[in-house]
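*Asks:* how does the following fold in three dimensions:
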Amino acid sequence: TWRNKISIFFLYFSDCDDILLNGRDKDGIYSIKPNFAAKPFQVECEFKDGKAWTLIQKRTNGAVDFYRNWEDYKEGFGDIRSEYWLGNEKIYYLSVQATYELKINMWDWSGITHGPSQQTGNYYEGGSSFFYIEDEKNFYRLRVPEDFYAYQNQGPGSSGLRLHIGPFTTYDRQSNLLQENCAIKFHCGWWFRTCVRNSNLNGRYYQGGYRFPRNKTRSQDDMYWYSVGQSLRRSVMKIHRVSNATAKMSKLLTRN
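*Replies:* The predicted model follows:
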């Protein structure tokens, strides 16, 4: 009956913040259904220091190939219990239903040896106080603050996305705004304004790390964040709701 359909609809939470508000705070896999999304889907939730984070990307060991086509990045791929990209369509519905901040956790290969080891590598953090992406017809364009000074309180390296305010690009699809296919050049699916790379968390995974002096030629296709002196070992991208106002209504809306 229609009453049953309505009751089933309201069983789903809109994001991990909604789950926390309803009294659940155990890290794990949950089903959510953002506003206007056609159907529910699974996400990984992390609860820490009274905040809930919805994960949209995770890389841990290089088991999943991130050099994928447009459709794969649209729908998502990988294993939600290890390495994955949640999917641009899902990230879109998530990020436009409210105002979200983005946090990025990263680790390098420093001190990592073969075999059992207690070393985790050096830890780095980036992100943005404001984050959403546009819909598919706009190439899932990245929206973060354009002003460099908006990132000063977020810690070193946080503006790694600022130069990437542009359309999402894969090896088989790019916006007419780009003169070359940056995804092919950098072996990834990622956001690009130009083929000047300041970050690329979906680049090629180098086991053991691709170490390079900053003043010498280095790989251009690695898993990369501009303030880290070597290719990365692990990364997590996650979002947290900071306001119930939709992103497009926010005063933090970027200029272009």
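*Asks:* average pLDDT for whichever strand or helix holds residue 125?
*Replies:* Assessed by DSSP states H and E, residue 125 sits inside strand 123-133. The average pLDDT for strand 123-133 rounds to 90.
*Asks:* start to end distance for stretch 65-78?
*Replies:* With Cα to Cα, to the nearest Å as the measure, stretch 65-78 spans 8 Å from end to end.
*Asks:* buried set for that stretch?
*Replies:* 66-68, 70, 72-74, 76-78 (16 or more other Cβ atoms under 10 Å). (C-beta placed from N, C-alpha, C; glycine too.)
*Asks:* run through the strands of the stretch 1-150 of the chain in chain order.
*Replies:* 28-32, 41-48, 51-59, 77-78, 84-85, 99-107, 123-133, 142-143 (DSSP state E, counting those that start in this stretch).
*Asks:* residues contacting residue 76?
*Replies:* 41, 84-90 (Cβ atoms under 8 Å, 6 or more residues apart in numbering).
*Asks:* kindly recompute the last result at 7 Å.
*Replies:* 84-87, 90 (Cβ atoms under 7 Å, 6 or more residues apart in numbering).
*Asks:* count the residues that sit near the closest residue to it other than its chain neighbours.
*Replies:* The shortest distance from residue 76 to any non-neighbouring residue, by Cβ to Cβ, 6 or more residues apart in numbering, is to residue 87 (2.8 Å). By other Cβ atoms under 10 Å, 19 other residues sit near residue 87.
*Asks:* coming back round to it: may I see the buried residues of the strand holding residue 125?
*Replies:* With the criterion 16+ other Cβ under 10 Å, strand 123-133 contains buried residues 124, 126-133.
*Asks:* possible to save the buried residues of stretch 65-78 as CSV with pLDDT and distance to residue 187?
*Replies:* CSV is the format used below for the buried residues of stretch 65-78 (pLDDT from 0 to 100; distance: Cβ to Cβ, whole Å):
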residue, pLDDT, distance to residue 187
66, 99, 8
67, 98, 5
68, 98, 11
70, 98, 15
72, 99, 14
73, 99, 14
74, 99, 19
76, 99, 19
77, 99, 16
78, 98, 16
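*Asks:* no further queries at this time; thank you.
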